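*Asks:* quick check, what structure comes out for this input:
(2 chains)
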Amino acid sequence: MSETEAAPRALAAGFGRLIVLVYVVFAVSAGVRAVFQVVTKFDAAPVSFTLSAIAALIYLVAAIAIIRGAGALALLAVGVEMAGVLAVGALSFAVRQWFPEPSVWSHFGSGYGYVPLVLPAVGLVYLFKRRRA
Amino acid sequence: MIEWLYLAVQAAALAMSAWFFVDTARSKLVGRRHFAGVAVLELLLLAQLAVSIAIVPGEAGGGKALFFSYLVTTILVPVAACFWGSIDRSRWGIGTVAASGVIVAALLLRIHQIWELQINV
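*Replies:* Prediction:
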């Protein structure tokens, strides 16, 4: 927690607080849904459900990193998230047979109102701004 | 789900969110009147839960566990946002609670979808 003490303002204060709320909601909802899908019907769409579970994990890591003021880890998690949503979003259009059921990041997160695409962009801008400040 | 109650909760969530975002722009701290606003939304959500407990188990579809897990999550989100937001000394304290209203609206949309496609079939 030394980074938090050294910084004049915690990473999770101000606008970071709103970001953390959204990340936690996404970690919980995507996570519970992925666990439910993996347990009940994993064979229906193994790629989608595995990717959803990974997405949930990344949301959780990002939320915890921001809460604890770990700026580098937060940047890494949100960066992976951005790359993930772009890669999976493109793949879901290119290789349709891998995605008989959608994952969180399919079609750039269209099933979640494109929030999965907007969230890492907002997160990266916030984290880079705070890093320079 | 009773349609008018669903629409009333939806309207309340969006109205609360709009009001709180105005206070975000005005840099207001989370205060007593905000807690009152969240309490009104929570009462409506609890009414939705009570009505759902009364009518959902009698329906035919198989999405009941999914329905109730979404509804309980929805009820918890504004409460969690109040705790998490009220400790902030910037405008984004109330901004966080305002965002929870949008999250509630989105989750309610999903709950209504589950009701129409997987329960009331």
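*Asks:* residue closest to the middle of the chain?
*Replies:* In the absence of a named chain, this looks at chain A. Residue closest to the average C-alpha location in chain A (C-alpha atoms, centre = their mean): A:Y59, at 3.6 Å.
*Asks:* switch to chain B, please.
*Replies:* Mean-position check on chain B, C-alpha atoms, centre = their mean. Result B:V104 at 3.6 Å.
*Asks:* what about that one, distance to B:A11?
*Replies:* 11 Å (C-beta to C-beta, to the nearest Å). Where you see a C-beta, it was placed from the backbone N, CA and C, and this is true even at glycine.
*Asks:* one more: B:A39?
*Replies:* Taking C-beta to C-beta, one finds B:A39 at 16 Å from B:A11.
*Asks:* ok, B:A99 next?
*Replies:* 18 Å.
*Asks:* same deal with A:L57?
*Replies:* 36 Å.
*Asks:* of B:A99 and B:A11, who's got more company?
*Replies:* Between B:A99 and B:A11, counting by other C-beta atoms under 10 Å in any protein chain shown, B:A99 is the more crowded of the two (24 against 12).
*Asks:* let me know the pLDDT of that one.
*Replies:* Confidence at B:A99, expressed as pLDDT, is 97.
*Asks:* check A:A6 too.
*Replies:* 47.
*Asks:* now do A:S2
*Replies:* On the pLDDT scale, A:S2 gets 45.
*Asks:* thought A:Q37 was touching A:S52?
*Replies:* Yes. A:Q37 lies in contact with A:S52 (C-beta atoms under 8 Å); the separation is 6.8 Å.
*Asks:* the two: who's more crowded?
*Replies:* A:S52 (25 against 20).
*Asks:* tell me how many other residues crowd the residue nearest to the more buried one when sequence neighbours are not counted.
*Replies:* Spatial nearest neighbour of A:S52, excluding adjacent residues (C-beta to C-beta, 6 or more residues apart in numbering or on different chains): A:A34 at 4.0 Å. Look at A:A34: counted by other C-beta under 10 Å, it has 22 neighbours.
*Asks:* who are the contact partners of A:A34?
*Replies:* Applying C-beta atoms under 8 Å, 6 or more residues apart in numbering or on different chains to A:A34 gives the contacts A:49, A:52-53, A:55-56, A:104.
*Asks:* OK, contacts around A:A27?
*Replies:* With C-beta under 8 Å, 6+ apart, A:A27 has these contacts: A:56-57, A:59-60, A:63.
*Asks:* rerun at 10 Å
*Replies:* A:55-64 (C-beta atoms under 10 Å, 6 or more residues apart in numbering or on different chains).
*Asks:* same check on A:A55?
*Replies:* Contacts of A:A55 by C-beta under 10 Å, 6+ apart are A:26-27, A:30-31, A:34, A:80-81, A:84-85, A:88, A:103-105, A:109, A:116.
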